[in-house]
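Enquirer: Sharing a sequence plus its predicted fold:
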Amino acid sequence: MILAPVAALGRSTLGGLSALGRIGLFCVATLAAALRPPFYIREFLNAAWTIGYNSLPVVGLTALFTGAALALQIYAGGSRFNAEQVVPSIVAIGMARELGPVLGGLMVAARVASSIAAEIGTMKVTEQIDALVTLSTDPMRYLTVPRVLAATISVPVLVAVGDSIGIFGGYLVGTGRLGFNPAAYLENTADFLELWDVTSGLIKGAVFGFLVALVGCYFGMNSGRGAQGVGRATKSAVVTASVLILAANYLLTELFFTA
């Protein structure tokens, strides 16, 4: 009775490590498949449209309200130290370095990882993947590689758009609600925002896009049979992708901004 909770914790830990190992092997297999022909350009373009263009509304709205709320919070906190003038620079740096990539990645994870896992899981349940193998088509190259490449390329573009919209949201609140001069606000933003702030966020976006598509494809490929199996795969894909994004964000921040 005393050791039962410890045993349950141990089983959960070993199960999580085992899942990470399987995802790692799936990642290696995906990278190896991406280096060998054939390349399915139509599948790549369809995935890029679905992952990139169709995710613009949710990423844009999230960034807009995040930038606006961030401006209000920084102004309220800075007023305690007579530092209200830092609002433009902190909004720009915060959106470019952290909030733009992370929130954009999480929104894409909620939308795309679930969609990919459900789509591929349904194909597995209906034996469409077995049909691909019968037709001498590698499911890894046909289903996984185009989606992973499309997400890796599309998410940084979404992050760039989200950064711009988020900074614009802070600008609207700063000039319309907090009384900042529009020209001074834009000048302050441009003076303090450096190229590396934007570049680091785009690199994070590429890593997050890769993780989202990889996890969605993994759980779709390993989906259980029936509707319950597809539902569990979809839920696991979203949760795992979100956790991996937050963990990868910390590691990349440690790498990029710690001397």
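Expert: Received the coordinates, thanks. Numbering: from 1, shown residues only.

Enquirer: for the most centrally placed residue in the chain, what are its contacts?
Expert: With distances taken as C-alpha atoms, centre = their mean, the residue of the chain nearest its centroid is G105 (2.2 Å). G105 is in contact with V155, V159, K204, G205, F208, G209, L211, V212, I245, N249, counting by C-beta atoms under 8 Å, 6 or more residues apart in numbering. Any C-beta I mention is one placed from the backbone N, CA and C, and that applies to glycine too.

Enquirer: with the residues you listed in mind, which one is nearest to G224?
Expert: V212 (21.2 Å; C-beta to C-beta).

Enquirer: Quick check: which element contains that closest one?
Expert: Using DSSP states H and E, V212 sits within helix 195-221.

Enquirer: Pull out the buried positions in that helix.
Expert: 197-198, 200-221 (16 or more other C-beta atoms under 10 Å).

Enquirer: What of stretch 114-133?
Expert: Using 16+ other C-beta under 10 Å as the test for burial, stretch 114-133 gives 114-125, 129, 132.

Enquirer: Contact partners for L214?
Expert: L214 neighbours (C-beta under 8 Å, 6+ apart): I23, F26, C27, T30, T144, V148.

Enquirer: Could I get the buried residue list for the helix or strand containing the second one?
Expert: Counting by DSSP H and E, the element that carries F26 is helix 4-34. With burial defined by 16+ other C-beta under 10 Å, the residues of helix 4-34 counted as buried are I23, F26, C27, T30, A33, A34.

Enquirer: For the third one, give me its contacts.
Expert: This points to C27. Here C27 is in contact with L214 (C-beta under 8 Å, 6+ apart).

Enquirer: separation between it and S114?
Expert: 19 Å (C-beta to C-beta, to the nearest Å).
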